[in-house]
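# coordinates for the following, if possible.
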Amino acid sequence: MDQADYIVLGDHILTMNDSLDIVHKGAVAVKGGMIEDVDSAENILKKYTSEHTVGGPGRLVLPGFVNTHTHAAMVYFRGLADDLPLKEWLEKYIWPVENRLLSAEFVYDAVQLACLEMLRAGITTYNDMYFFGDSAARASRQLGMRALLGVGILDFPSMTARTADEYIGNADRFIEMWKGDPLITPCIAPHSAYTCGTQTLNRVKELADRHGVLTCTHLSETAWEVGELVRRYGRRPVEYLEDIGFLSDRLIAAHCVWVDEREIDLLAARGVAVSHCIESNLKLASGIAPVPRMLAAGVKVSLGTDGAASNNDLNILSEMSTAAKVHKAMANDPTVLDSKTALLMATRYGAEALGLGSHIGSVEPGKRADLLTMNIRSPHLTPAYDLYSLIVYSASAADVEDVLVNGVQVVRGRELVTGDEEAIFKKAYEWSRRVLLSD
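So this is what the prediction gives:
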């Protein structure tokens with residue numbers, strides 16, 4: 001018999017592969033960080049032995065969820081300022097406290113709390129746009145989480161840089177330092193077309209092309225943003241980025257709420273990936289992105305939580321449920337954004353958006369073993385007629401039981417294996433006092 005590192009067992013395995021195969025009474029053999037085999041439990045247990053068994057009866061096995069847009073360190077600002085429009089929320093509350101407290105230590109501690117929250121909610125990969133990328137990378141790697149980390153770029157000073165030259169230099173160094181890491185993928189993250197001028201965006205594109213990395217940015221998040229770009233450049237945001245050659249299949253655009261038909265066609269033609277952050281957009285009253293139209297046009301749409309300061313949690317399961325239901329209501333059509341599509345957006349589509357589709361996003365031999373088990377032996381998950389419907393409309397983050405990333409178990413029975421939860425909570429409490437005192 002072959003020796004496996006882990007055998008993951010479940011009543012059902014939702015592979016999320018191209019055929020959407022489901023393996024009932026199934027098992028996954030994990031070896032060397034990879035998915036070695038996926039088959040019936042009977043066949044797997046005949047071929048493999050392992051000292052570590054995960055899951056079992058009453059469990060559902062899935063690929064780990066992918067969060068394609070967040071600001072992880074902003075978890076320390078959760079609930080600091082709510083019920084405000086985006087521009088006022090940023091300029092009067094978030095940016096001032098960031099200017100007073102943001103540091104490498106702050107980001108490291110905050111990202112550990114964010115990773116704990118995400119891992120316990122079944123998120124195994126996240127795409128971040130923030131500052132002090134080295135701290136975020138070290139915190140994520142310590143807890144064993146996969147991350148695509150974008151170095152924030154602005155045209156005005158912050159705690160990390162004073163000029164565009166400094167921001168670009170920081171990004172260049174970060175990419176060089178982290179390229180090739182098994183868990184951390186560096187990228188570059190200009191905040192938006194209204195906080196970065198044309199020259200800065202051109203330099204970002206040049207740097208990303210030189211290193212062969214992805215770019216992530218906010219795009220068409222609010223009606224104000226559209227009006228501002230029209231005022232400055234005589235073009236709507238997507239049209240403006242097309243004109244300067246910024247759109248490409250290596251761009252991840254968060255939000256895309258205020259896009260018209262021509263802009264949707266441009267996003268599809270250029271292969272731009274869109275991160276749909278519906279709960280943040282609803283809470284900030286930014287609007288509702290035309291996701292069904294984008295999907296119909298061939299745009300690859302995935303799901304993001306945005307930061308916990310504007311959401312207020314890091315929970316892809318709730319994003320799936322909210323997105324599926326709100327778009328049905330908007331279209332007056334209950335068939336819109338069905339549960340299979342919603343789950344694909346949270347798994348395989350998300351992996352593809354981050355350029356990781358050949359490595360994660362589905363349960364298939366040859367992919368990295370980023371997996372979760374969900375305990376479905378609960379009243380709110382019984383009976384289980386349609387597993388996709390069960391996950392999207394009934395499941396919660398509290399149902400996630402075990403999580404593996406890169407073939408290593410990081411959550412066991414809802415407890416973090418790779419870090420000290422009490423120490424993470426203690427740090428969060430200490431920083432929250434400093435946030436309040438700085439207000």
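# contacts and neighbour counts: CA atoms only from here.
Fine.
# residues contacting P365?
Counting by Cα atoms under 8 Å, 6 or more residues apart in numbering, P365 makes contact with 34-38.
# one more: V38?
So V38 contacts 26-29, 44, 363-365 (Cα under 8 Å, 6+ apart).
# switch to 7 Å and redo it
Residues near V38 by Cα atoms under 7 Å, 6 or more residues apart in numbering: 27-29, 364-365.
# now those as a markdown table including distance to L354 and pLDDT?
As requested, the contacts of V38 are exported to a markdown table (distance: Cα to Cα, whole Å; pLDDT from 0 to 100):
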| residue | distance to L354 | pLDDT |
| --- | --- | --- |
| A27 | 27 | 98 |
| V28 | 24 | 98 |
| A29 | 25 | 98 |
| E364 | 18 | 98 |
| P365 | 20 | 98 |
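# on that earlier part again, between the contacts of P365, which is nearest I175?
Ranked by distance to I175 (Cα to Cα), the contacts of P365 are led by M34 at 25.3 Å.
# what's the distance between the closest one and P157?
43 Å (Cα to Cα, to the nearest Å).
# what of Q199?
To P157, Q199 is 16 Å away according to Cα to Cα.
# also K179?
K179 is 27 Å from P157, by Cα to Cα.
# ok, and the most crowded of the contacts of P365?
Using other Cα atoms under 10 Å as the neighbour test, these are led by I35, with 25 neighbours.
# what's the helix or strand for that one?
In the assignment (DSSP states H and E), I35 maps to strand 34-40.
# can you show me the CA trace of that strand as PDB?
C-alpha atoms of strand 34-40 as PDB (Å, rounded to 0.1, in the frame of the first residue of the first chain):
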ATOM      1  CA  MET A  34      -0.600  17.400  -3.600                       C
ATOM      2  CA  ILE A  35      -3.900  15.600  -4.200                       C
ATOM      3  CA  GLU A  36      -2.600  12.200  -5.100                       C
ATOM      4  CA  ASP A  37      -5.900  10.400  -5.800                       C
ATOM      5  CA  VAL A  38      -9.700  11.000  -5.600                       C
ATOM      6  CA  ASP A  39     -12.000   7.900  -5.500                       C
ATOM      7  CA  SER A  40     -14.500   6.000  -3.500                       C
END
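# domain parsing for this protein?
For the chain, automatic domain parsing gives the domain ranges 2-63+371-405, 65-353.
# quick one: the strands in the stretch 1-150 of the chain, in order.
Using DSSP state E, counting those that start in this stretch, the strands found in the stretch 1-150 of the chain span residues 2-3, 6-14, 22-31, 34-40, 48-49, 53-63, 65-70, 123-130, 146-153.
# now do the stretch 251-400 of the chain
Under DSSP E, counting those that start in this stretch, the stretch 251-400 of the chain gives strands at 251-255, 273-276, 300-303, 371-375, 400-405.
# can you redo these as a markdown table with mean pLDDT?
Converted to a markdown table, the strands of the stretch 251-400 of the chain look like this (pLDDT from 0 to 100):
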| stretch | mean pLDDT |
| --- | --- |
| strand 251-255 | 98 |
| strand 273-276 | 98 |
| strand 300-303 | 98 |
| strand 371-375 | 98 |
| strand 400-405 | 98 |
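# those strands: which one's closest to E430?
Among these, the nearest to E430 by Cα to Cα is strand 400-405 (28.2 Å).
# show the average pLDDT along the next helix or strand after the closest one.
Following strand 400-405 in sequence order, the next helix or strand is strand 408-412 (DSSP H and E). Averaged across strand 408-412, pLDDT comes to 98.
# contacting residues around the helix or strand following strand 408-412?
Next along the chain after strand 408-412, taking DSSP H and E as the criterion, comes strand 415-416. Strand 415-416 has contacts (Cα under 7 Å, 6+ apart) with V410.
# report the buried residues of the helix or strand that strand 415-416 is followed by.
The helix or strand immediately downstream of strand 415-416 is helix 421-438, counting by DSSP H and E. Judged by neighbour count using 16 or more other Cα atoms under 10 Å, the buried positions of helix 421-438 are 424-425, 428, 431-432, 435.
# who are the packing partners of helix 421-438?
helix 104-120 (3 or more Cα pairs under 7 Å, 6 or more residues apart in numbering; DSSP states H and E).
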